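# Whatever this is, show me its structure:
(chains A and B)
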Amino acid sequence: MIPLAQTESLRLAGINFGYGSGHLLRDVSFELPAGKLLTLLGPSGCGKTTLLKLIGGYLKSREGSIHLGGRDVTHIPAEDRGIGMVFQNYALFPHLSARRNVSFGLEVRGVAKSEREQRVERMLHLVGLSPTESDRLPASLSGGQQQRVALARALVFRPDLLLLDEPFANLDRQLRDLLRDELRRLQAETNVTAVMVTHDQEEAMAISDFVGVINEGQLLQIGSPQELYHQPRTPFVARFMGAANILTGSIPGASRENPLMVRPERVLLGEEARLGCWTSTGTVCSTTFLGSDMLVNIATTNGPNLVARIRPSDMLLPGMVVRLGIASDAIWQIPGCDPQGVCP
Amino acid sequence: MKPGPYLLASPAAGLLLGLLICPLLLVFRVSLYQPANGHGFFTPGTWTLANHSSLLENHGIRMVVYTMAFGATVATVNGAISFVLALFLRSLNSSLQNVVFAGITLPKFASVLVILFGLQQLLGDTGPINRLLLASGIITEPLSMIRCFFGALIGEIFLILPYTAILLFAQVMEIDPLLETSARGLGASRWQVFRRITLPLSLPGLVIAFQLGLVWGMGAFLGPLFLGGPENTTLSVEIQRQAFEYSRWPRAAALSVQLIFAIGMGLSIIAFAKSKMTRRLVRGGQ
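Below is the predicted model of the structure:
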C-alpha cells in the first residue's frame, strides 16, 4: 500500500524575522525528528503563527535556514515546498464541494483522475466524512466537519510536513477534545511530521510529542510536555505550562537569581505537611473551584503566598488556618531567567 | 405575507408601472399603426404588422445582428478591462485605492458630450494620436479610429467602465486573500490560483458586469452616434433617425420593440450560461 505521508525531519537554524527595526522572531533554532508532533505554545502576539508561516513558505525570513529532511527549503516558495497547512479559519474554498476542496492539491499537481479519486475517497474516509457530507459546500458543513475537510485537504497530497494554526480555536470544548484525539490518531496513522500552534497549554500537553514555548519572539524551551511541566527553564515557561508557585526567598536556596518552582499539587496540607523539608502555617485567602479540583491561595506566616491544589471535598474556606509543607523532591530550581532579564 | 414588504416595493413598482410599463405598452401600440399619410406621426385607429415585417428584410436583420454583436463586444471588452482594473485596485493599499478610484470616477463628473467630443478630437484622422504616429513614421496613412466599430466601442466603454469597475471591485474585495494563499500552499501556480479560485469567486460580479455591458451596449446611442460608422449602426441610432429625422413613428416604435426583445434574449442567454457554469464549477471534473 502507498504510504499516506512522507516522513521527514524538520530543522530550523537561526531564524530571524521582523518588519523594519522590530523583531518578531529572534534566533529560533530547533530540530524535530520525523513523524513527531511539535506544538508551538505561547501567548497571542508572541510570534508563533509567524514562525508557522515561515516554515510554510508564506513569509520569507531575513536570516536563518529551514531544512526539511535533507532538503534546504529556505528559498523555496510555498507552492513547491510540499507542506500541508490547516489555517485557523480553515480557508476552505467556498465554491467547491468538500470533496473538490480535498482533491484540489492533487488536481493542481496533475495527478491522474483515477488515482486522484481513490486517494480523495481514502482521505475522506480517514477523517470520517460521509459521502453525502463530501458533496456539500463548506458553508453547509458544521465547524467540526469543516475542520476535517481542511485536515484531509492538507494531508491528501502526502505532504512532507503538516502545519496547523490553532486548528481547534473555533470549536466548542467537547468537539475540541474529540477532534484533538482524532488528529493525534490521524497523525500517528499517516506518520506525518507535524507542527501545531496554540495558546492552550492543556491542548499542547495532551497532543504533543514535543512542546516549544515562545514568548516575545524567542523560543524559550523545547522538550517533551513532561519536561516542560516539571523542569521549566525559565519562570515564564513554568507559569505558561500551568499554575506554579515561584519562590524567590523564605525557602532555603531560593533567591531572586535562583527562583524555585513548586506546582500547586505538590504543596502538602494538614497532616501530610510534616513530610515536607520545609513547613509553615498559613491562612486561606481565597479558593477557586475548578470542578475536579480546587486551587487555594494561602498566606504563609513566615513567607510568601502559596497556591495549593486540593480536592473539592477537602472543604477549605477563606480565613481557615492550615499547616503546609513542601517535600524536597517537589522543588525545581529554575536554571534561567526570562530573556527580558526580569526575574520574579 | 404581511403588507410591510409590499409597501417597501411600492415606490419602485409605481415608477416601473407608471414610467416604464405603460409607455412601453404605448410604444407597442404605436408600432402597430400605419405610417402617417401627410400629417401627424401615424394614422390613428389603424392596425398593421407592416412595420415589424419590414424588419425581416436584409437591412433590418443586419442592424439587429450588428446591435447584438456590438453589445456583446462592449460587454466582453468592458468586462475584461473592469475585472483587470478591479484586481489591480485590490492589490493596492487603501490610500492608493482612493486615488485610483477618483481617477476612475472622474470622467463621470464631466458631461457625456464633452467626453465624446474629446474622443472625437483625440482619435480623429488629424488628431494627436494619428499625427504622432505619422510623424514617427510608424504609419503612412492616418488610422481610422472613429466613424467605425472601433470608435463606437471605445466611446461606449468610456461611458460604462466606471460603473462596472466599481461593481467588480466590490466583488473581488469580498474574496478572502487567505483562500489564494492556501491554494498556493496546496501547490497551485499563480495561474491555477487565478483560474480555480479568483475567477470563479468573481463570477457573480462578472456576470452582472457583463449584463450591464450588454444592456448598455445594445442600447448604445451616444457612442455609435458620435464615434460609430455611418453605414453600420445600432438600433438606437436608427430609432432616433426614424423618429426625429423621418418622422416615421410606427417604424421607430417597431424597432424599439425589436431592441427590447433582442436585449431580453441576450440576458436569457447569460442567465442560462451562468447556471451551467456554476454547476460545472461546483461539481465538475476539472
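# ok, which stretches of the stretch 101-250 of chain B are strands?
Taking DSSP state E, counting those that start in this stretch as the criterion, the stretch 101-250 of chain B contains no strands.
# residues in it within reach of chain A, list them.
When proximity is defined as CB under 8 Å from any CB of the partner chain, the stretch 101-250 of chain B approaches chain A at B:176, B:178-179, B:181-189, B:192, B:196-197, B:200-201. For glycine as for every other residue, the C-beta is placed from the backbone atoms N, C-alpha and C.
# of these, buried ones?
Members of those that pass the buried threshold by neighbour count (16 or more other CB atoms under 10 Å in any protein chain shown) are listed as B:179, B:181-188, B:192, B:196-197, B:200-201.
# which ones among those residues are found in helices?
Among those, the members falling in helices are B:Leu179, B:Thr181, B:Ser182, B:Ala183, B:Arg184, B:Gly185, B:Gln192, B:Pro200, B:Leu201 (criterion: DSSP state H).
# Reformat the residues you listed as TSV; add pLDDT.
Conversion of these to TSV gives the following (pLDDT from 0 to 100):
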residue	pLDDT
B:Leu179	96
B:Thr181	94
B:Ser182	94
B:Ala183	96
B:Arg184	94
B:Gly185	93
B:Gln192	95
B:Pro200	92
B:Leu201	93
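# quick one on the thing from earlier: JSON lines please, covering the buried ones among the residues of the stretch 101-250 of chain B next to chain A and showing distance to A:Tyr19.
Formatted as JSON lines, the entries for these read as follows, by distance: CB to CB, whole Å:
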{"residue": "B:Leu179", "distance to A:Tyr19": "24"}
{"residue": "B:Thr181", "distance to A:Tyr19": "18"}
{"residue": "B:Ser182", "distance to A:Tyr19": "22"}
{"residue": "B:Ala183", "distance to A:Tyr19": "25"}
{"residue": "B:Arg184", "distance to A:Tyr19": "21"}
{"residue": "B:Gly185", "distance to A:Tyr19": "21"}
{"residue": "B:Leu186", "distance to A:Tyr19": "27"}
{"residue": "B:Gly187", "distance to A:Tyr19": "28"}
{"residue": "B:Ala188", "distance to A:Tyr19": "27"}
{"residue": "B:Gln192", "distance to A:Tyr19": "29"}
{"residue": "B:Arg196", "distance to A:Tyr19": "31"}
{"residue": "B:Ile197", "distance to A:Tyr19": "27"}
{"residue": "B:Pro200", "distance to A:Tyr19": "33"}
{"residue": "B:Leu201", "distance to A:Tyr19": "29"}
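# which among those gets closest to B:Gln242?
B:Pro200 (44.0 Å; CB to CB).
# in which helix or strand would I find A:Leu268?
In this assignment (DSSP states H and E), A:Leu268 forms part of strand A:267-269.
# Kindly report the same for A:Thr288.
A:Thr288 belongs to strand A:278-289 when assigned by DSSP H and E.
# Next to chain B, which bits of the stretch 1-150 of chain A? Give me the list.
For the stretch 1-150 of chain A, the residues in contact with chain B under the definition CB under 8 Å from any CB are A:56-58, A:77-85, A:87, A:89, A:91, A:93-97, A:100, A:104-105, A:107-109, A:113, A:135, A:137.
# Of these, keep whichever come out buried.
A residue is treated as buried here by neighbour count (16+ other CB under 10 Å); on that basis the buried members of these are A:56-58, A:78-79, A:81-85, A:87, A:91, A:93, A:95-97, A:100, A:104-105, A:107-108, A:137.
# Which of the residues you listed fall within helices?
Among these, the residues falling in helices (DSSP H) are A:Gly56, A:Ala78, A:Glu79, A:Arg81, A:Arg100, A:Phe104, A:Gly105, A:Glu107.
# Touching, the last one and A:Arg119? I think so.
Same thing as A:Glu107. No - using CB atoms under 8 Å, A:Glu107 is not in contact with A:Arg119; the gap is 11.3 Å.
# Next one: B:Leu56 from B:Leu32, what distance?
Computed as CB to CB, to the nearest Å, the B:Leu56 to B:Leu32 distance reads 16 Å.
# What are the boundaries of the helices in the chain?
Assuming you mean chain A. Taking DSSP H, the helices of chain A run over residues A:48-56, A:78-81, A:98-107, A:113-127, A:131-134, A:143-155, A:173-190, A:201-207, A:225-230, A:235-240.
# My question was about chain B, not that one.
Listed from the start of the chain, chain B has helices (DSSP H) covering B:4-16, B:22-30, B:50-53, B:58-91, B:94-105, B:112-123, B:128-135, B:149-173, B:177-185, B:190-193, B:199-218, B:222-227, B:235-240, B:249-283.
# among those, which is nearest A:Glu265?
Distance to A:Glu265, taken as CB to CB, is lowest for helix B:177-185 among the helices of chain B, at 41.5 Å.
# Mind giving me the packing neighbours of that closest one?
Using 3 or more CB pairs under 8 Å, 6 or more residues apart in numbering or on different chains; DSSP states H and E as the contact criterion, the elements in contact with helix B:177-185 are helix A:78-81, strand A:83-86, helix B:190-193.
# got TSV for these, with distance to B:Ala75 too?
Conversion of the helices and strands packed on helix B:177-185 to TSV gives the following (distance: least, CB to CB, whole Å):
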stretch	distance to B:Ala75
helix A:78-81	34
strand A:83-86	39
helix B:190-193	24
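# For B:Leu122, find the nearest of these.
Shortest distance between B:Leu122 and these, using CB to CB, is found for helix B:190-193: 35.3 Å.
# for the closest one, which positions count as buried?
Counting neighbours by 16+ other CB under 10 Å, helix B:190-193 gives B:Gln192, B:Val193 as buried.
# Now the stretch 1-150 of chain B against chain A: closest residue?
Closest to chain A within the stretch 1-150 of chain B is B:Asn93: 14.6 Å, counting by CB to the nearest CB.
# That residue: neighbouring residues, count only.
By the criterion of other CB atoms under 10 Å in any protein chain shown, B:Asn93 has 7 neighbours.
# what does B:Leu106 give?
B:Leu106 is surrounded by 10 other residues when neighbours are defined as other CB under 10 Å.
# do you know how far it is from A:Val197?
Counting by CB to CB, the gap between B:Leu106 and A:Val197 amounts to 47 Å.
# Likewise for B:Leu199?
32 Å.
# With B:Ile61 instead?
Applying CB to CB, the value for B:Ile61 to A:Val197 is 67 Å.
# So which of the two has more stuff around it?
Neighbour tally, B:Ile61 and A:Val197, criterion other CB under 10 Å: the higher count belongs to A:Val197, 26 against 11.
# check contacts around that one.
Contacts for A:Val197 (CB atoms under 8 Å, 6 or more residues apart in numbering or on different chains) come out as A:Thr39, A:Leu40, A:Lys48, A:Thr49, A:Leu51, A:Leu52, A:Leu164, A:Asp165, A:Glu166.
# try it again with 7 Å
In this structure, A:Val197 makes contact with A:Leu40, A:Lys48, A:Thr49, A:Leu52, A:Leu164, A:Asp165, A:Glu166, judged by CB atoms under 7 Å, 6 or more residues apart in numbering or on different chains.
# would you turn those residues into CSV with pLDDT and neighbour count?
Shown next, in CSV, are these (pLDDT from 0 to 100; neighbours: other CB atoms under 10 Å in any protein chain shown):
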residue, pLDDT, neighbour count
A:Leu40, 96, 30
A:Lys48, 92, 28
A:Thr49, 91, 21
A:Leu52, 95, 21
A:Leu164, 95, 27
A:Asp165, 94, 22
A:Glu166, 91, 20
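# Just the pLDDT for residue 17.
Using chain A here. Confidence per residue is given as pLDDT, and for A:Phe17 that number is 91.
# let's do chain B instead
88.
# count of neighbours near it?
There are 11 residues near B:Leu17, going by other CB under 10 Å.
# Retrieve the pLDDT associated with the residue of the stretch 1-150 of chain B closest to chain A.
At B:Asn93, the pLDDT recorded in the model is 92.
# Quick check: phi and psi on it?
Backbone geometry at B:Asn93, expressed as degrees, to the nearest 10, gives phi -80, psi 170.
# Give me the below-cutoff pLDDT ranges for the chain.
Going with chain A. Using pLDDT under 70 as the threshold, the predicted model of chain A has low-confidence ranges A:1-7, A:20-21, A:250, A:253-254, A:339-344.
# could you do chain B instead?
In chain B the weaker segments, taking pLDDT under 70 as the threshold, are B:1, B:54, B:281-286.
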